[in-house]
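Enquirer: Any chance you can model this:
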Amino acid sequence: GITREIASIDMLVLLLGVPLDWQVWGKHVGDAAALLTGGLIEQTVRLLRSAFLAAAEPVVERLASVVAEQFRGAPPELAIEAIAGLVEAGRPPSGAATTLRRLLERATIAAPPSRHAAVAIAHLLEKSSPADEEELCACLELVRRQPTFLPEVPPGGLVRLAVAAAKSPRIAQLSLNVVAAAAAEHLRIWATDDLCKFLLAVAKTKVDTDTEGIHKLWSAAAEVLIPRLPELSTTQMLKVSLAVGKCRVLLAATADEACKRLSDIPCPQLLLLTQGLLPLGSDDPFLQKILDFWHSILSTARRREVEDSSSEMSPEQVAKLFQLVARVSASHVLTESLARRLTADVAALPEASLVSLQAFASAEATPDFPGKRSLLKALDKSSDPGFHAADPASKQQKRPSPDDEDRAEHRRDKERGRQPEQRSSHRSRSRDRSRDRDRS
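Expert: Below you'll find the model as predicted:
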């Protein structure tokens with residue numbers, strides 16, 4: 001019945017947007033979809049994508065089997081679109097990377113690779129084996145010869161390509177410049193999340209980023225993101241600060257926005273934000289304001305001996321903050337304050353932090369800072385065998401206060417089923433017996 005009711009592919013696409021029980025209706029809709037496509041790969045792939053987005057698994061299975069049959073022997077451009085659809089739906093055909101490379105080699109000048117090739121490569125790179133990566137690098141080499149279609153690739157595909165470039169220098173060498181240039185053309189219509197992910201992935205690549213495509217990207221990113229900064233979440237702002245160190249105008253604007261909400265940023269995130277903003281240099285007024293804020297909250301927490309969500313810092317985080325700040329602003333009062341804190345708390349640092357801190361403090365390139373000699377002395381002492389075991393602070397036990405004793409006794413009384421009045425009488429008799437023993 002439902003097969004006869006569905007009169008067009010457009011109607012079927014609308015139906016796939018309805019929350020149906022696909023275990024009940026999936027087979028009927030899948031059969032209808034297979035009939036409606038009339039053997040046209042592009043129509044079947046369109047429905048396959050719609051079914052995948054609707055999580056209509058029975059329909060996806062049915063259409064994936066149809067597409068897998070259709071693309072064999074099809075012209076290269078249609079076969080590439082079919083592979084892209086299967087890969088997007090999580091049903092890549094066996095040997096997809098090799099098949100894609102062969103199809104791209106067959107593509108003619110009259111029918112150059114389309115955006116579907118880039119989409120397929122991007123998805124396959126996410127879970128590629130070393131052998132597949134070799135094939136996909138060959139695909140990228142073929143694609144980048146005619147990159148005019150790349151701006152048509154959806155943001156998700158370009159983000160995947162940038163993430164793959166961050167993981168592999170070879171992929172970055174082949175694709176980063178053209179992918180960055182393609183993204184720059186339409187960055188203004190990107191969602192902020194996709195934009196932040198893309199910039200952070202580009203920043204993580206281990207290749208030369210002094211290229212025309214990257215420069216276009218930074219320029220477009222500044223134009224698009226600066227007006228959006230007040231709307232960014234803290235997490236998004238962190239990603240931007242860590243990603244745009246080579247775009248000073250955007251980094252300074254990010255620092256300006258961060259200074260407006262410092263009291264709302266927890267210390268662990270503020271630590272990452274500080275790390276991202278350090279390229280601004282010690283003379284930057286926004287960075288100075290952030291360092292002053294750090295000194296204020298850490299000093300207050302130290303005096304009050306409190307640890308709350310805004311001021312809690314682990315010893316490792318304190319050591320990391322010290323190294324970050326000392327590199328760019330050794331004379332700032334925060335550097336001296338952190339050095340004193342680390343000197344006093346050196347026994348609390350884990351081994352990895354001790355090694356890193358000692359290497360930093362003793363390096364010739366490290367600027368002089370107040371308290372350097374005392375910190376080095378404490379670090380040298382920490383390297384002695386048995387230092388932590390011999391440290392008096394590790395052996396000293398906190399003496400319980402009267403309130404602690406009362407609470408502990410109250411818990412024991414509850415376990416015995418004793419009422420508070422009985423507990424008070426019992427405690428008085430115990431104290432009387434103790435005084436009688438003292439007199440005797």
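Enquirer: tally of neighbours for the nearest residue to Leu48 once chain neighbours are set aside?
Expert: The shortest distance from Leu48 to any non-neighbouring residue, by C-beta to C-beta, 6 or more residues apart in numbering, is to Leu63 (4.3 Å). Yep, even glycine has a C-beta here, placed from its N, CA and C like the rest. For Leu63, the count of nearby residues is 29 (other C-beta atoms under 10 Å).
Enquirer: same deal with Ser8?
Expert: Using other C-beta under 10 Å, Ser8 has 9 neighbouring residues.
Enquirer: again with Ser383
Expert: 10.
Enquirer: How about Ala64?
Expert: By other C-beta under 10 Å, 22 other residues sit near Ala64.
Enquirer: so what's it up against?
Expert: 48, 86, 89, 91 (C-beta atoms under 8 Å, 6 or more residues apart in numbering).
Enquirer: Highest neighbour count among these?
Expert: Leu48 (25 neighbours).
Enquirer: For that one, what is the enclosing helix or strand?
Expert: In the assignment (DSSP states H and E), Leu48 maps to helix 41-53.
Enquirer: That helix - contacts with which helices or strands?
Expert: helix 9-16, helix 22-36, helix 57-70, helix 76-88 (3 or more C-beta pairs under 8 Å, 6 or more residues apart in numbering; DSSP states H and E).
Enquirer: next helix or strand past the last one?
Expert: Right, helix 76-88. Downstream of helix 76-88 (by DSSP H and E), the next one is helix 96-106.
Enquirer: which of the residues in the following helix or strand past that next one are buried?
Expert: Per DSSP H and E, helix 96-106 leads on to helix 115-126 as the next helix or strand towards the C-terminus. For helix 115-126, burial by neighbour count (16 or more other C-beta atoms under 10 Å) applies to 115-125.
Enquirer: same question, stretch 224-238
Expert: 224-226, 229, 232, 234, 236-238.
Enquirer: Show me the residues you listed that map onto helices.
Expert: Secondary structure from DSSP state H places 224-225, 234, 236-238 of these in helices.
Enquirer: Now the two most distant members of the residues you listed.
Expert: Val224 and Thr234 (19.4 Å; C-beta to C-beta).
Enquirer: what pLDDT, on average, does the helix holding Leu48 get?
Expert: Averaged across helix 41-53, the pLDDT comes to 84.
Enquirer: Other residues contacting that helix?
Expert: Counting by C-beta under 8 Å, 6+ apart, residues outside helix 41-53 touching it are 9, 12-13, 16-17, 33-34, 36-37, 59-60, 63-64, 66-67, 70-71, 74, 78-79, 81-82, 84-86, 88-90.
Enquirer: Kindly report the same for stretch 343-362.
Expert: By C-beta under 8 Å, 6+ apart, the surrounding residues in contact with stretch 343-362 are 315-316, 318-320, 322-323, 326, 342, 366, 371-372, 374-376, 378-383, 387-388, 391, 393-394.
Enquirer: Buried among the residues you listed? Make that a ChimeraX selection.
Expert: Buried subset of the contacts of stretch 343-362, written as a ChimeraX selection, criterion 16+ other C-beta under 10 Å:
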select :315,318,319,320,322,323,326,342,371,372,375,376,378,379,382
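Enquirer: From Leu280, how far out is the residue nearest to Ser331 when sequence neighbours are not counted?
Expert: What sits nearest to Ser331 in space, not counting adjacent residues and going by C-beta to C-beta, 6+ apart, is Phe369, at 7.4 Å. Plainly put, Phe369 is 20 Å away from Leu280 if you go by C-beta to C-beta, to the nearest Å.
Enquirer: what does Ala64 give?
Expert: From Ala64 across to Leu280, the span is 51 Å (C-beta to C-beta).
Enquirer: Now do Arg423, the pLDDT please.
Expert: For Arg423, the predicted pLDDT is 44.
Enquirer: ok, the closest residue to Leu187 other than its chain neighbours - how many residues close by?
Expert: In space, not counting the residues next to it along the chain, Leu187 is nearest to Ala220; the distance is 4.5 Å by C-beta to C-beta, 6+ apart. Neighbourhood size, Ala220 [other C-beta under 10 Å]: 20.
Enquirer: pLDDT on the helix or strand that contains Ala220, on average?
Expert: Applying DSSP H and E as the criterion places Ala220 in helix 212-225. For helix 212-225, the mean per-residue pLDDT is 95.
Enquirer: buried stuff in that helix?
Expert: 213-218, 220-222, 224-225.
Enquirer: what does stretch 241-257 give?
Expert: With burial defined by 16+ other C-beta under 10 Å, the residues of stretch 241-257 counted as buried are 241-245, 247, 250-255, 257.
Enquirer: Filter these down to the ones in helices?
Expert: 241-243, 250-255, 257.
Enquirer: Out of the residues you listed, which comes closest to Ser263?
Expert: Comparing these against Ser263 with C-beta to C-beta places Glu257 closest, at 13.8 Å.
Enquirer: Quick check: Ser8 vs Ala33, distance?
Expert: For Ser8 relative to Ala33 (C-beta to C-beta), the value is 11 Å.
Enquirer: who touches both of the two?
Expert: Residues touching both Ser8 and Ala33 (C-beta under 8 Å, 6+ apart): there are none.
Enquirer: Most widely separated two among the buried residues of helix 212-225?
Expert: Gly213 and Leu225 (17.8 Å).
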